[in-house]
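> with the sequence up front, the predicted model follows.
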Amino acid sequence: MNILVTGGAGFIGSHTLIELYKAGHTAVVVDNLSNSNPVALQRVAEIIGVTEIPFYRVDIRDREGLERIFAEHKLDACIHFAGLKAVGESVEKPWEYYENNIGGTLTLVDVMRGHGCKNIIFSSSATVYGDPAEIPITEQCPKGQCTNPYGWTKSMLEQVLMDIQKADPQWNVVLLRYFNPVGAHPSGRIGENPNGIPNNLMPYITQVAVGKRQELGVFGNDYPTPDGTGVRDYIHVVDLAAAHVCALQAIGRKCGMGIYNIGTGKGYSVLDMVKAFVKVNGVEVPYSIKPRRAGDIATCYCNPSKAKAELGWEARYGIDDMVRDSWHWQRQNPEGY
Ligand code: NAD
Ligand code: UD1
């Protein structure tokens with residue numbers, strides 16, 4: 001299939017491009033580069049062994065720009081990564097988050113249907129479960145109260161896409177609820193490249209290890225977890241990327257509506273991650289215990305068996321692979337791209 005990949009220059013999008021080409025698909029990338037660097041696309045092309053990947057520096061809120069892309073390419077489906085994702089920033093700038101994420105998706109979906117392209121895979125998040133009613137989280141678990149506008153954009157867009165599919169069953173809509181993506185392509189050529197001080201755990205750890213930051217602050221050690229620190233379902237980004245290829249196969253089978261948790265099903269604490277990083281990579285990661293971070297929950301991991309049963313997807317990489325590949329990327333690219 002020929003796939004429109006919105007946000008394809010970003011962390012998850014760039015890794016997904018590789019898995020798409022490996023599986024025999026082709027892609028057209030649309031990205032406004034608000035949180036990414038075009039060098040990522042050059043490196044993806046090198047890894048795949050093509051001269052370049054068709055790329056449009058276009059904002060998904062730009063209807064004419066999207067129309068031009070659909071006029072120039074025959075597109076079978078869209079994998080929709082484009083969006084703003086910084087939780088703290090979304091609290092400061094809610095309008096910008098709703099306008100970019102929701103406004104952009106509404107324009108995208110309207111242009112898609114105008115061109116008869118009614119297949120979409122949407123990047124959702126475990127954040128839609130709020131403080132989850134059950135652990136491990138299954139897709140039966142009710143959605144919860146999000147603690148920030150970023151999370152609400154995911155929750156609301158899930159509803160928008162479900163309603164569109166219900167009204168017009170020609171649509172195939174797959175919502176992938178990612179747990180905590182980490183790691184990098186094993187080549188070390190592409191990886192996560194946050195702007196400024198990282199919000200998420202793994203890029204903070206790698207920046208401490210490479211000497212860019214002094215120490216990791218561990219946000220709370222009094223949670224009801226085995227060692228008191230927060231437990232999450234970390235998933236290697238290459239596994240996550242592969243889930244999109246499986247979701248495309250489901251779309252090829254005319255799956256209608258599908259919602260899937262994409263995680264490993266294993267929960268690791270903050271200190272588990274630090275210890276694995278130090279053991280596997282032989283580097284020091286100084287840390288100190290800090291107060292809890294507002295909005296954090298104690299434990300979040302999933303039951304990924306629905307994705308295995310219906311998509312034939314399951315995670316292959318473990319915690320040692322995740323910390324090794326995160327470090328490999330950071331060490332080779334201490335300043336990012
Ligand atoms: P990222 O910021 O690296 O990638 C998103 C890309 O979208 C960036 O390249 C950015 O420039 C682009 N973009 C943003 N707004 C745009 C617009 N209006 N028009 C065109 N391009 C635009 O983020 P990522 O980590 O690769 O995440 C991809 C998707 O997965 C996002 O929707 C994110 O919310 C979701 N997600 C990410 C995580 C995570 O931890 N990384 C977890 C759950 C869900
Ligand atoms: C966060 C977002 C979530 C988003 C997800 C993926 C919040 C409240 N939630 O999830 O909406 O979908 O990222 O982008 O921001 N930690 C530290 N020190 C740090 C950083 C993190 O101890 O410097 C801890 C956290 O308290 C948490 C764990 O590490 O227990 C993972 O944190 P993080 O990587 O930010 O992911 P989430 O909070 O799970």
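Structure received. Numbering: from 1, shown residues only. Ligands and ions are numbered 1, 2, ... in the order given.

> Leu216: neighbour count?
Close neighbours of Leu216, defined as other Cβ atoms under 10 Å, add up to 21. In this view, the C-beta of every residue, glycine as well, is placed from N, C-alpha and C.

> Gly312 too?
10.

> got the phi and psi for it?
phi 70, psi 30 (degrees, to the nearest 10).

> contacting residues for it?
Shown in contact with Gly312 (Cβ atoms under 8 Å, 6 or more residues apart in numbering): Cys246, Gln249.

> residue in the stretch 151-300 of the chain nearest to ligand 2?
Relative to ligand 2, the nearest point of the stretch 151-300 of the chain is Gly230 (2.3 Å; Cβ to the nearest ligand atom).

> so that residue touches Asp222, yeah?
No - look at Gly230 against Asp222 with Cβ atoms under 8 Å: they stay out of range, at 10.7 Å.

> neighbour count for the two, which is higher?
Neighbour comparison, Gly230 and Asp222: the larger count goes to Gly230, with 24 against 11 (by other Cβ under 10 Å).

> in this structure, what helix or strand scores lowest on average pLDDT?
Least confident helix or strand of the chain, by mean pLDDT, DSSP states H and E, is helix 87-92 with a mean of 95.

> tell me which parts of the chain are close to ligand 1?
Within the chain, the positions adjacent to ligand 1 are 6-7, 9-13, 31-36, 59-61, 81-85, 100, 104, 123, 125, 178, 181 by Cβ under 6 Å from any ligand atom.

> can you give me the strands for the stretch 1-150 of the chain?
Here the stretch 1-150 of the chain has its strands, by DSSP state E, counting those that start in this stretch, at 2-6, 26-30, 55-56, 77-80, 119-125.

> quick revisit: from the middle of its chain, how far away would the least confident helix or strand of the chain be?
18 Å (Cα atoms, centre = their mean, to the nearest Å).

> contact partners of that helix?
Contacts of helix 87-92 (Cβ under 8 Å, 6+ apart): Leu84, Tyr97, Asn148, Pro149, Tyr150, Gly151, Thr153, Asn199, Gly295.

> CSV please, covering the residues you listed and showing neighbour count.
What follows is the contacts of helix 87-92, written out as CSV (neighbours: other Cβ atoms under 10 Å):
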residue, neighbour count
Leu84, 19
Tyr97, 24
Asn148, 18
Pro149, 21
Tyr150, 24
Gly151, 22
Thr153, 28
Asn199, 14
Gly295, 14
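
> which one of those is nearest to ligand 1?
Nearest to ligand 1 among these is Leu84, at 5.7 Å by Cβ to the nearest ligand atom.

> list the contacts for that closest one?
Contacts of Leu84 (Cβ under 8 Å, 6+ apart): Ser34, Asn35, Ser90, Glu96, Tyr97, Asn100, Asn101, Tyr150.

> kindly recompute the last result at 10 Å.
Contact analysis of Leu84 by Cβ atoms under 10 Å, 6 or more residues apart in numbering lists 34-35, 90, 93, 96-101, 104, 149-150, 153.

> just the buried residues of those residues.
Asn35, Ser90, Tyr97, Tyr98, Asn100, Asn101, Gly104, Pro149, Tyr150, Thr153 (16 or more other Cβ atoms under 10 Å).

> and the fifth one, how far from Ile48?
It refers to Asn100. 29 Å (Cβ to Cβ, to the nearest Å).

> follow-up on the earlier one: just send the strands of the stretch 1-150 of the chain back as CSV, with mean pLDDT, distance to Lys212 and mean neighbour count too.
Below are these laid out as CSV (pLDDT from 0 to 100; distance: least, Cβ to Cβ, whole Å; neighbours: other Cβ atoms under 10 Å):
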stretch, mean pLDDT, distance to Lys212, mean neighbour count
strand 2-6, 99, 30, 25
strand 26-30, 98, 29, 23
strand 55-56, 98, 29, 20
strand 77-80, 99, 32, 25
strand 119-125, 98, 27, 24
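
> phi, psi for whichever residue of the stretch 201-337 of the chain sits closest to ligand 1 please.
Closest residue of the stretch 201-337 of the chain to ligand 1, Cβ to the nearest ligand atom: Val237 (8.2 Å). Main-chain dihedrals, Val237, degrees, to the nearest 10: phi -60, psi -30.

> please name the residues that touch it.
11-12, 14-16, 178, 181-185, 190-192, 202, 317, 322, 325-326, 329.

> is it true that Ile79 touches Leu20?
Yes - at 8.0 Å, Ile79 and Leu20 qualify as touching, with contact defined as Cβ atoms under 10 Å.

> which ones among the contacts of Val237 lie within strands?
Those of those mapping onto strands are Tyr178, Pro181, Val182, per DSSP state E.

> any idea of the pLDDT on the second one?
For Pro181, the model assigns a pLDDT of 98.

> looking at the residues of the chain next to ligand 1, which are in helices?
Among the residues of the chain next to ligand 1, the members found in helices (DSSP state H) are Phe11, Ile12, Gly13, Gly104.

> if I look at the closest residue to the first one other than its chain neighbours, how far off is Val283?
Read that as Phe11. Leaving aside its chain neighbours, Phe11 sits nearest to Glu192 (4.7 Å; criterion: Cβ to Cβ, 6 or more residues apart in numbering). Going from Glu192 to Val283 by Cβ to Cβ gives 18 Å.

> neighbour count: these two, which is higher?
Ranked by neighbour count (other Cβ under 10 Å), Glu192 and Val283 place Glu192 first, with 23 against 15.
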